[in-house]
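Colleague: can't give you the sequence, but here's the structure:
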């Protein structure tokens, strides 16, 4: 997803999943795989479970250089280019589309006029509506929402402590006991016999 500081800077108001990326994050093989995944609907575990979302369409804004590099013969299969259409080119950017894409909640034209070069592209995915009826919320899900208020847990301990300050405060005795236990060396099997 788009880092929090970029959401404000890019004025993203859409609730549709938008992913920012920078070409330096990927090698050339990964760049091609990301294009196939993002626009071609391919599932690719190297990009995480998010690629398993039920997508019905996508828009991808890329630099003309990335587009031209990807469009060279033998880089991306012709099969993918048949399902990808170009919506516009502007100021060194190309907007590509595949699948069923409703009107965007993101102003791609405005983005292309920015002077900052902090991202090399954006992907906006359109998801299929949920199927069937929703299951009743489990007691664990209710407790999770009540205590944590977020389905996403930061990887770093510092990030978790910051995001879930109220939960860490509520559970401070249990956390302290757990941290103390982690510091204690394990007893050897002989000592306990």
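Modeller: Thanks, I have the structure now. These numbers come from a predicted model, not from an experiment.

Colleague: Only C-alpha atoms from now on, for both contacts and neighbour counts.
Modeller: OK.

Colleague: What about residue 54, how many residues nearby?
Modeller: Look at residue 54: counted by other CA atoms under 10 Å, it has 14 neighbours.

Colleague: again with residue 165
Modeller: Residues lying near residue 165 (other CA under 10 Å) number 14.

Colleague: just the one 5 residues further on next, same as before
Modeller: Other residues near residue 170 come to 12 when the count uses other CA under 10 Å.

Colleague: For it, which residues are in contact?
Modeller: By CA atoms under 8 Å, 6 or more residues apart in numbering, the contact set of residue 170 is empty.

Colleague: Let the chain start at 743 from now.
Modeller: Understood, numbering begins at 743; the last thing we discussed is residue 912.

Colleague: quick one: it and residue 888, what's the gap?
Modeller: The gap separating residue 912 from residue 888 is 12 Å, by CA to CA, to the nearest Å.

Colleague: And for residue 780?
Modeller: With distances taken as CA to CA, residue 780 is found 34 Å from residue 888.

Colleague: higher neighbour count, the two?
Modeller: residue 780 (25 against 11).

Colleague: Correct me if wrong: that one contacts residue 863.
Modeller: No. The criterion here is CA atoms under 8 Å, and residue 780 misses it with residue 863 at 11.4 Å.

Colleague: what do those two both touch?
Modeller: Common neighbours of residue 780 and residue 863, counting by CA under 8 Å, 6+ apart, are residue 802.

Colleague: so where do the strands sit in the protein?
Modeller: Here the chain has its strands, by DSSP state E, at 760-763, 797-805, 826-832, 835-841, 863-869.

Colleague: Can you tell me the strand partners of the third one and which way each runs?
Modeller: This points to strand 826-832. Applying DSSP bridges, strand 826-832 is found paired with strand 835-841 (antiparallel).

Colleague: Go ahead and name everything in contact with the strand it pairs with.
Modeller: Counting by CA under 8 Å, 6+ apart, 781-782, 798-806, 809, 825-831, 850, 854 sit against strand 835-841.
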